[in-house]
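Asks: Any chance you could fold what I've pasted below:
(one chain, ligands or ions: 1)
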Amino acid sequence: MASAMAVGAVGFANGASAADNKEVQMLHWWTSGGEAAALNVLKQDLEKEGYAWKDVPVAGGGGEGAMTALKAMVAAGNPPTASQILGYYAVDYAEAGKLGDITSLADKEGWAKVVPTALQKFTTTDGKWDAVPVNIHSVNWIWLNKAAMDKIGGTQPKTFDEFVALLDKAKTAGIIPLALGGQPWQEATLFDSVVASTGGIDFYKKAFIDLDESALKSDTMKKAFDNLAKLRAYTDPNYAGRDWNLATAMVIKGDALVQVMGDWAKGEFVNANQKADKDFLCYRFPGTDGSVIYNTDMFAMFNVPADRKAAQLALADATMSISFQSAFNVVKGSVPARMDVPDTAFDSCGKKGIADVKAANADGKFVGSMAQNYAQPPAIAGAYHDVVTKFFHGEIKSSDAAVTELDKAINAAK
Ligand code: BGC
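Replies: Residues are numbered from 1 along each chain as shown. Coordinates of the predicted model:
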């Protein structure tokens, strides 16, 4: 078999051989309109190279369902060629020895020089590359319907209080102020921004990256919960359980003024032919300008049998190409994970996103999202989702109790 493969390897790119399985099996949760359009860019690139695409979509924003499905596949000894993955989920698979090694390709192409070091913590293990970053998303954005803003005479809110005043204006004008998807991961994603806005990015780091007890139990954290409670008053009554992209659609249609969401929301605007500055506006969550609370979509490269490795390398190679990182992220709403991709093809929100990542990275204000598994391992992030959602839906009744519960839940999950 080995010698047959060696003979077959002659004449194939990437060391691929005739015996290779020319299929890329990819698990992901990109099932909304904008997400599917972005994934198509990758499918098409690989199809041009002669690879068939085997899609394993698992619906559910934030990827909880996808992570459960992935766990089952890996446990059954049947991992996909690659899986979309977030932060510490990848670290767990790497530590369990489930990921492959694509270091030779990474070295050949010099990825270490162009991917921010903060991200390399998640794409490498003991110096070996086992995942590729597709993009950099960030959660601290707000997305507004421009016509609705014009109608109420709204201007960019720079502080949390100005944000609340803007929401009040929309309410008075009979527009749903805040389009919210009431699912635990979405509420927790919103809370990331509220915490950074309330306490500043250093406070956010102390609480969520360092898990500093005094920060977690502080009056500032209590105030952050109070601020979160203020936002509840501006949602429509049907927010519970709503998918994130349906909340984006409310803003696109002008039924609602604003959504607080990661920049995957922009993928929905783009997919609906909406234009930045003309149809919609993007601002950093008030009080967080200069900081980027990131979550990067990575493709974790699993330990696959020898005949599937060439396809895996082809996928990694395509994902890390400069042209793909531009084309994909223009559609996805995110920004490239490589710092050497020109911003020419991006709209004003994308250009701002690219500049923000560079500036925040240089200023120590590029921090992982707690809600999106980039600040802490999944068990702790899960505890966070749980407390935030219980507070938001009134099961935890006061900000005092919320702070106590958060500290307790995080300590129990450690
Ligand atoms: C992912 C995005 C995705 C979003 C909603 C996030 O966790 O990073 O790529 O679009 O979830 O599904």
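
Asks: Name the nearest residue to the residue nearest the centre of the chain, sequence neighbours excluded.
Replies: Centrality entry for the chain: nearest residue to the mean C-alpha point is Asn295, 4.1 Å, by Cα atoms, centre = their mean. Once flanking residues are discounted, Asn295 sits nearest to Gln372: 3.5 Å by Cβ to Cβ, 6 or more residues apart in numbering. Glycine gets a C-beta too; all of them are placed from N, C-alpha and C.

Asks: how deep is the one you found tucked in, by neighbour count?
Replies: Using other Cβ atoms under 10 Å, Gln372 has 26 neighbouring residues.

Asks: And Val251, by the same measure?
Replies: That count, for Val251 with other Cβ under 10 Å as the rule, works out to 26.

Asks: Next up, the contacts around Val58.
Replies: 27-29, 65-66, 68-69 (Cβ atoms under 8 Å, 6 or more residues apart in numbering).

Asks: Give me the pLDDT value at it.
Replies: Listed pLDDT for Val58 reads 97.

Asks: and what of the one 5 residues further on?
Replies: Model confidence at Gly63, expressed as pLDDT, equals 96.

Asks: show me the residues around the spatially closest residue to it that is not a sequence neighbour that make contact.
Replies: Spatial nearest neighbour of Gly63, chain neighbours left out: Trp29 (4.6 Å); criterion: Cβ to Cβ, 6+ apart. Contact analysis of Trp29 by Cβ under 8 Å, 6+ apart lists 35, 57-63, 65-66, 84.

Asks: what does Ala66 give?
Replies: By Cβ under 8 Å, 6+ apart, the contact set of Ala66 is 27-29, 58, 60, 83-84.

Asks: likewise Gly127?
Replies: So Gly127 contacts Thr103 (Cβ under 8 Å, 6+ apart).

Asks: what does Ile176 give?
Replies: Counting by Cβ under 8 Å, 6+ apart, Ile176 makes contact with 170, 234-236, 250, 255-257.

Asks: among the contacts of Val58, which two are most distant?
Replies: Longest distance between any two of the contacts of Val58 is 13.7 Å, between His28 and Thr68; criterion Cβ to Cβ.

Asks: where does the stretch 1-150 of the chain have low pLDDT?
Replies: For the stretch 1-150 of the chain, the stretches flagged by pLDDT under 70 are 1-16, 18.

Asks: same thing but 90
Replies: Residue ranges of the stretch 1-150 of the chain with pLDDT under 90: 1-19, 61.

Asks: thinking again about what came up before, can you tell me the SS state at the residue nearest to Asn295?
Replies: Of the three states, Gln372 takes coil according to DSSP: H, G, I helix; E, B strand; the rest coil.
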